[in-house]
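K.L.:
structure here, sequence nowhere to be found:
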């Protein structure tokens, strides 16, 4: 039996589907290419939620809380950046911080837990380093940014839901896929500025737009360079019956729905000549 490293080079593999980091995905796609197998890569994301001045703030905060903190933010299509109009910015930040502080952190064995442990120590330390370096770069820590100690646990992996304000798009927690319960909130003045910031990343997996004017929301969604955009909702909303795909460093190929069948099949033409043909030679 081939090992995982050998599998993409197997002649029997016509399609190699991989879900994981961009770095490993590039390696796996390269191995698949050695045998001309089709790579279907679902990789990283740096997903933005854009909130315009006329958005329903209650709805946007509900979306923000779920989109950033569900599963400890360990979802490739979770909200990595909150890009919020300056008129709503202060209220958005304070209300999101309040919601973050109200979440229950603890063991996954406790039914009341909202935010549990990160996958391992290295990931925990990396995301806390993103937070520390973002604060050093000028951001403000509104809440969180620390390990939550648990009874009977020597080295807790639970990171408190974290909200950062005064963030710019080039700060570590905003320009990297932090993959944790961290919500960097970035202000904007114009829609063009918001779209430019949302697209200023190598990734293009998912995104969300909250706006009162649906035509404006559709225009923003069409201009966001991502495989999926959700209007008046957060990015974690992939349905099995619709295509799911990323662009750029977020991967290649389409998952879910009938579109995935096109990834794993080849078109073949078979003809039947019913009447004799008069060949010239």
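P.N.:
Everything's here; your move. Small disclaimer: the values here were computed from a predicted structure and weren't measured.
K.L.:
hey, where'd the helices end up in this protein?
P.N.:
For the chain, helices defined by DSSP state H occupy the ranges 22-34, 57-69, 86-102, 121-136, 172-175, 191-199, 214-223, 259-263.
K.L.:
state the mean pLDDT of the second one.
P.N.:
Okay, so that is helix 57-69. Averaged over helix 57-69, pLDDT sits at 98.
K.L.:
one more: the shortest one?
P.N.:
Computed over helix 172-175, the mean pLDDT rounds to 98.
K.L.:
which of the helices of the chain sits most buried?
P.N.:
A comparison of those by mean neighbour count, using mean count of other Cβ atoms under 10 Å, puts helix 172-175 on top with a mean of 23. The way it works is simple: take the backbone N, C-alpha and C, and place the C-beta from them, glycine included.
K.L.:
surely residue 113 meets residue 107?
P.N.:
Yes: using Cβ atoms under 8 Å, residue 113 is in contact with residue 107, at 6.1 Å.
K.L.:
where does the stretch 151-281 of the chain dip in pLDDT?
P.N.:
238-241 (pLDDT under 70).
K.L.:
can you rerun that using 50?
P.N.:
The stretch 151-281 of the chain contains no residues with pLDDT under 50.
K.L.:
follow-up on the earlier one: out of the helices of the chain, nearest to residue 277?
P.N.:
Of all those, helix 259-263 sits nearest to residue 277, with 33.1 Å by Cβ to Cβ.
K.L.:
please compute how far the closest one lies from its chain's middle.
P.N.:
22 Å (Cα atoms, centre = their mean, to the nearest Å).
K.L.:
number of nearby residues for residue 108?
P.N.:
Residues lying near residue 108 (other Cβ atoms under 10 Å) number 11.
K.L.:
spatially nearest residue to it (excluding sequence neighbours)?
P.N.:
Spatial nearest neighbour of residue 108, chain neighbours left out: residue 116 (4.3 Å); criterion: Cβ to Cβ, 6 or more residues apart in numbering.
K.L.:
now the most centrally placed residue in the chain: phi and psi?
P.N.:
Centroid-nearest residue in the chain, with Cα atoms, centre = their mean: residue 77, separated by 2.6 Å. Phi and psi for residue 77, reported as degrees, to the nearest 10, are phi -110, psi 20.
K.L.:
so how far is residue 268 from it?
P.N.:
35 Å (Cβ to Cβ, to the nearest Å).
K.L.:
residue 71 too?
P.N.:
42 Å.
K.L.:
okay, these two: which has more neighbours?
P.N.:
residue 71 (11 against 5).
K.L.:
hmm, back to that, quick one: closest of the helices of the chain to residue 247.
P.N.:
For residue 247, the closest of those is helix 191-199, at 10.7 Å, according to Cβ to Cβ.
K.L.:
for residue 150, find the nearest of the helices of the chain.
P.N.:
helix 121-136 (13.0 Å).
K.L.:
just send the helices of the chain back as TSV, with distance to residue 231 too.
P.N.:
Formatted as TSV, the helices of the chain follow (distance: least, Cβ to Cβ, whole Å):
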stretch	distance to residue 231
helix 22-34	27
helix 57-69	11
helix 86-102	17
helix 121-136	29
helix 172-175	22
helix 191-199	14
helix 214-223	5
helix 259-263	21
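K.L.:
and the ones you listed: which comes nearest residue 162?
P.N.:
That would be helix 121-136 among the helices of the chain, by Cβ to Cβ, at 5.9 Å.
K.L.:
which strands and helices lie in contact with the closest one?
P.N.:
Applying 3 or more Cβ pairs under 8 Å, 6 or more residues apart in numbering; DSSP states H and E, we find helix 121-136 packed against strand 162-165, helix 172-175, strand 182-188.
K.L.:
let's have the ones you listed in a markdown table, adding distance to residue 199.
P.N.:
Converted to a markdown table, the helices and strands packed on helix 121-136 look like this (distance: least, Cβ to Cβ, whole Å):
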| stretch | distance to residue 199 |
| --- | --- |
| strand 162-165 | 21 |
| helix 172-175 | 13 |
| strand 182-188 | 13 |
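K.L.:
out of the ones you listed, which gets nearest to residue 204?
P.N.:
By Cβ to Cβ (comparing all of those), the closest turns out to be helix 172-175, at 14.3 Å.
K.L.:
quick one on the thing from earlier: nearest to residue 184 among the helices of the chain would be which one?
P.N.:
helix 172-175 (4.6 Å).
K.L.:
quick one: residue 147 and residue 160 touch, right?
P.N.:
Yes: applying Cβ under 8 Å, one finds residue 147 in contact with residue 160, separated by 7.5 Å.
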